[in-house]
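Chemist: Generate a structure from the sequence data that follows.
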Amino acid sequence: MSGDPNLQVSGMERDWPEGRGIFHNQEKTFLVWVNEEDQFRIISMQKGGDVKGVFTRLVDGINAVAKSVKEESGKDFMLDEKYGYVHSCPTNLGTGMRASVHIDLPGWTAHGVDKLKARCEELSLQPRGTRGESGGQTGHTYDISNKHRLGYSEVQLVQTMIDGVNTLYKEDLELQEAQKKE
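Modeler: Residues are numbered from 1 along each chain as shown. Sure, this is the predicted structure:
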């Protein structure tokens, strides 16, 4: 069990560990996580900066999984015209898309984590530690992702993440230079 009281109270861990699993390709760059917080979590990831490649793999994978589910069960993913894809985790309502990168930001860390959080808010981003949503922060490596899920397309969310991370990186270099002069 996760130990997360919200998951426990909602009954989302009642069948732990039965009825859950993670399936992945050989390279572990495409994963389907079944019955964790969401009924279905589809993940595309890899080291490096090839965001387009990761996104293309995600789209292709989602289409392949959707086709397989349709062929097997005759059903589609739950999609509401107004609210987007329906999830058990309400923070994922809409596209459910969280595009993120792990990036070292030593300048921002020295400047202050609260200041980084405020700057991320201005850029429509969400900073997390690299150990997940509630895993805390260690060192100066952050998981930076788009903050919003509802009201934007997947392409818009990925572009928000790319633009914001590029901005944070540029500012981090400036902060490091300023800190050297202090």
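
Chemist: Just the element for I43, please.
Modeler: With the criterion set as DSSP states H and E, the secondary-structure element containing I43 is strand 40-44.

Chemist: what pairs with that strand, and is each one parallel or antiparallel?
Modeler: In the sheet containing strand 40-44, its partner strands are strand 30-34 (antiparallel), by DSSP bridges.

Chemist: Check which residues of the partner strand are buried.
Modeler: Neighbour counts using 16 or more other CB atoms under 10 Å place 30, 32-33 of strand 30-34 among the buried residues. Glycine gets a C-beta too; all of them are placed from N, C-alpha and C.

Chemist: and if you look at stretch 18-25?
Modeler: Of the residues in stretch 18-25, none is buried (16+ other CB under 10 Å).

Chemist: ends of that stretch, how far apart?
Modeler: End-to-end distance of stretch 18-25 (CA to CA, to the nearest Å): 22 Å.

Chemist: Contacts for that stretch, please.
Modeler: Under the contact criterion CB atoms under 8 Å, 6 or more residues apart in numbering, stretch 18-25 has outside partners 30-36.

Chemist: Quick one: low-confidence residue ranges for this protein.
Modeler: Residues of the chain that meet the criterion pLDDT under 70 lie in 1-3, 7, 10, 12-17, 132-137.

Chemist: Grab the longest helix from it for me.
Modeler: For the chain, the helix that runs over the most residues, judged by DSSP state H, is helix 154-181.

Chemist: which of the residues in it are buried?
Modeler: Across helix 154-181, burial judged by 16+ other CB under 10 Å covers 154, 157-158, 160-162, 164-165, 168-169, 171-172, 175.

Chemist: Output these as a markdown table; include the columns distance to D80.
Modeler: Rendered in a markdown table, the data for the buried residues of helix 154-181 read as follows (distance: CB to CB, whole Å):
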| residue | distance to D80 |
| --- | --- |
| E154 | 16 |
| L157 | 18 |
| V158 | 22 |
| T160 | 22 |
| M161 | 24 |
| I162 | 28 |
| G164 | 28 |
| V165 | 30 |
| L168 | 33 |
| Y169 | 36 |
| E171 | 38 |
| D172 | 39 |
| L175 | 42 |
